[in-house]
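1. Sequence plus predicted model, see below.
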Amino acid sequence: MTTLFFDIGATLADPLFEADGSLRLRPRPRAVRVLDAFTGERTGIISDPGNAQGAAARPAAALHDAFPGRFTNDHLIHFGPKTSRAIFDRAVTSSGGPADDCVFVGENHDERAFARTAGMRVAAHPVFTRAAIENRPVFWTRIELPEGRSLATLEAVADSAEVVPVHVASPRLVLTMASALGVEALQQGGFTTDVRGPVDDTAAFLVRDDRAVPVPDAFAGAPEESRAVAEGAMRAAAAFCFAAGELTGYPRPIASLGPAPGGVYVAAPAGVPIEDVHPQGAMPGHTEILLPDPALLSRPGEAGPQASAGAAPDDLAGVGDGLPSAETIAAVRAAVTPEALRTHVARISGVEPLVPGQPLKVRSRDAASADNGLVVDALVQHFQDLGLVVRRHAFKWRGHQLFNVEAEHHVEGADSAVLITGHLDSTAKGGRFVDANGDPRPYDPAVDPAPGADDDGSGTAAVMAAAQCLHALVEDGREPRRHVRFVLFNAEEQALFGSKRYTLAAAAAGDRIAGVFQMDMIAGLQDGSAPTVEIHAGSSVPGPVVAASDALGGLVARTLPALAPGFAIQQLTGPGDPAVGRSDHASFHERGWAAIAVSEDLFGPHDGPGTGTRQYHTPGDTLLDEDHDTQYAAAIARSVTATALTFAGL
């Protein structure tokens, strides 16, 4: 008899630690349907709850609450680290049968590789459980939508077949996982399929390449569409060849899954750190992880409060002319100050103790650093002290337990939420390091300093100050009309992994998000440069999200002169926005939610290099760096905070 072992996090359910420390599991789309289909099979769990004392008790209780009567054999429930084959061997032993009669279902490709070495069959998603039982492979598959076929039509077919989308490139192209039966269903539905390699223990990434691509002279007189196809193919080939060349020496090579927007889709085997590959001169955030999700095509944001607003900022804001009131501006000026930002950045970047009165100074917020969790604890405490409802959204990355931090001011009867966000992690992988002999060595995130004062200590500090501002307004008797959430994402530097996991869960939960205001690097200003702010609303995702995001960007642009007089404003939009897919706002675009990213001068349309920090991804990104300007950061943070709070109804 086959024994099915499921992972919990992002496979069966999304884990959420509530303000009181309790754990709640929210079932993933199609997970319950899959379990219903296998009620006659023996089912177990292989999941890592972390190493805290009594850590296994909470997920065990939450599991039975979320899936009552589904996992009744405690002998088949295994909690512990999945960083080797050990826990999978124990699971096989508990089944009482051969390893080949055991199936592990988990979204993490590294964990699937360990399960496979233990002799188990694997499935990359619950949808493919039957395929694993029957030893049928699952493939990366590109789907082309011909005229007359929409994404909604594709969703209807995929929802009843062995098909799971991972990325929507355009209204005409979607990357999926699909079994042979799934491919057959797609073809019968009128879709063109391009089957690539097997999924097995690989994960999909989009790797962008910013380098100029010379189109052959033969295309000089060709139609624009033909030139674009040729350029896309050449850019994909260049991006793949570079990444493959940088990742030699691993047991298995990466595989191309064909052209993608601005680059190439890549299948990376377990253990291959493709997110660490950086082409010379690459712009920030050029690698994006792609997560399987049956609900990816449904775009919940398009049915939310912003959907009917079109491009009208006034209607989108729902508050007069959309400009902040004098009272809001005064509160923002009082709370979001250069001194407040400097204090927050000093603590989370290691200039000052993380917690006042205690000796510890952090060296790094890298996802692989032990200090990352300490910073999360300090951020949680900060938001709790402001009376906000704080939740930790748990996820695993390369064996590390990580958390996104969410702090909400809840408004009774509100129809949606406004999010003010940044990313809490850092990296110094662009720095130069030497060993004891003075020879070059790779960056070691576990020990090397990564202060990240600008990237994104500045955005994190701005979110913290924005929370203080809202607290002061509420204390003064004012109340927003929408929920206001302050969200700090982890593992942004790991191909947007933290925000991808956050939006994956938010979409499954039916969240209603009116707009997202992301701040990513807002303190970098080279001496003598004219202050410039970039507002990134561009998205490659089609539909209402385009106009809605542009409208959000327009609100910030209209507010800036009042709080950042004299600043040049670069309002970037459309698929040509150079920040498309490159910061956490992109994870919301993918779900149809209006979102913008506001930054220093990183990408904008100008001659020569930007005027932002010159210490990007190096140990020199400190509060004391000559390019770190808290006056400049405060002006941007004030403008974003005032816009977001006004948008929330204050």
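-> It's in.

2. Please count neighbours and contacts with C-alpha atoms only from this point.
-> Fine.

3. give me the low-pLDDT residue ranges for the chain?
-> Applying pLDDT under 70 to the chain flags the ranges 52-55, 280-282, 303-321, 604-608.

4. Run through the residues that contact D201.
-> Applying C-alpha atoms under 8 Å, 6 or more residues apart in numbering to D201 gives the contacts 109-110, 112-113, 124, 269-270.

5. That one - nearest residue in space that isn't next to it in sequence?
-> Counting by C-alpha to C-alpha, 6 or more residues apart in numbering, the nearest residue to D201 once its immediate chain neighbours are dropped is H109, at 4.6 Å.

6. before we move on, what about A467?
-> Nearest in space to A467, with sequence neighbours left out and distances taken as C-alpha to C-alpha, 6+ apart, is F486 at 6.9 Å.

7. returning to that earlier point: now, which of the contacts of D201 lie within helices?
-> 109-110, 112-113 (DSSP state H).

8. from those, which single one is nearest P324?
-> Proximity of these to P324 was ranked by C-alpha to C-alpha; the top entry is H109 with 46.9 Å.

9. From what I see, the closest one and A270 are in contact.
-> Yes: the criterion here is C-alpha atoms under 8 Å, and H109 meets it with A270 at 5.7 Å.

10. domains for the chain, by residue range?
-> 3-133, 138-290, 320-647 (automatic domain parsing).

11. close enough to count as contact, A635 and P561?
-> No: judged on C-alpha under 8 Å, A635 makes no contact with P561 at a distance of 9.9 Å.

12. Give me the helices and strands touching the longest helix seen in the chain, please.
-> Ranked by residue count, the top helix of the chain under DSSP H comes out as helix 224-246. Counting contacts by 3 or more C-alpha pairs under 8 Å, 6 or more residues apart in numbering; DSSP states H and E, helix 224-246 is packed against strand 202-208, strand 255-260, strand 263-269.

13. need those strands in CSV with distance to K500 and mean neighbour count, can you?
-> Below are these laid out as CSV (distance: least, C-alpha to C-alpha, whole Å; neighbours: other C-alpha atoms under 10 Å):
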stretch, distance to K500, mean neighbour count
strand 202-208, 12, 25
strand 255-260, 18, 21
strand 263-269, 17, 25
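
14. would you list those strands in TSV and tack on distance to S458?
-> Below are the helices and strands packed on helix 224-246 laid out as TSV (distance: least, C-alpha to C-alpha, whole Å):
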stretch	distance to S458
strand 202-208	26
strand 255-260	32
strand 263-269	29
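
15. among the ones you listed, which is nearest G510?
-> strand 202-208 (25.4 Å).

16. That closest one pairs with which strands, parallel or anti?
-> Looking at strand 202-208 with DSSP bridges, its paired strands and their directions are strand 263-269 (antiparallel), strand 287-290 (antiparallel).

17. residues in contact with the host helix or strand of G459?
-> Per DSSP states H and E: G459 is located in helix 457-475. For helix 457-475, contacts defined as C-alpha under 8 Å, 6+ apart pick out 328, 331-332, 334-336, 340-342, 344-345, 348-349, 382-383, 386-387, 420-424, 426, 479, 486-488, 518-523, 633-634, 637, 641, 645.

18. that older thread, now for the helices and strands packed on helix 224-246, which one comes closest to A595?
-> Closest to A595 of the helices and strands packed on helix 224-246, according to C-alpha to C-alpha: strand 202-208, at 20.2 Å.

19. That closest one relative to helix 224-246, how many degrees between them?
-> If you take axes from the mean of the first three to the mean of the last three C-alpha atoms, to 10 degrees, strand 202-208 sits at 120 degrees to helix 224-246.

20. tilt between strand 202-208 and strand 255-260?
-> Using the same axes, to 10 degrees: strand 202-208 against strand 255-260 is 40 degrees.

21. what about strand 202-208, distance to the chain center?
-> 14 Å (C-alpha atoms, centre = their mean, to the nearest Å).

22. same deal with stretch 116-123?
-> Taking C-alpha atoms, centre = their mean, one finds stretch 116-123 lying 28 Å from the centre of the chain it belongs to.

23. Same question for it: list its buried residues.
-> Buried residues in stretch 116-123, defined by neighbour count with 16 or more other C-alpha atoms under 10 Å: 116, 118-123.

24. about what we covered before: dump the domains of the chain into JSON lines; add distance to P300 as well.
-> As requested, the domains of the chain are exported to JSON lines (distance: least, C-alpha to C-alpha, whole Å):
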{"stretch": "domain 3-133", "distance to P300": "13"}
{"stretch": "domain 138-290", "distance to P300": "12"}
{"stretch": "domain 320-647", "distance to P300": "6"}
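
25. Contacts made by stretch 180-192 with the rest, please.
-> 136-139, 143-146, 149, 154, 157-158, 161-163, 193.

26. Pull out the buried residues from the residues you listed.
-> Buried subset of the contacts of stretch 180-192 (neighbour count, 16+ other C-alpha under 10 Å): 137-139, 143-145, 154, 157-158, 161-163, 193.

27. among those, which two are most distant?
-> Greatest spatial distance among the buried ones among the contacts of stretch 180-192 (C-alpha to C-alpha): P137 and L145, at 23.7 Å.

28. A239 contacts V264, correct?
-> Yes: using C-alpha under 8 Å, A239 is in contact with V264, at 6.3 Å.

29. joint contacts of these two?
-> Taking C-alpha under 8 Å, 6+ apart as the contact rule, A239 and V264 both touch 207-208.

30. Sketch out the helices for the stretch 451-600 of the chain, chain order is fine.
-> 457-475, 497-508, 544-563, 585-589 (DSSP state H, counting those that start in this stretch).

31. And the stretch 251-400 of the chain, by the same measure?
-> 313-317, 326-335, 338-349, 371-385.

32. that older thread, touching both of H109 and A270, which residues are there?
-> Contacts common to H109 and A270, judged by C-alpha under 8 Å, 6+ apart, are 201-203.

33. Quick one: the residues you listed as CSV, columns for distance to E534 too.
-> Output for those, formatted as CSV (distance: C-alpha to C-alpha, whole Å):
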residue, distance to E534
D201, 39
T202, 36
A203, 32
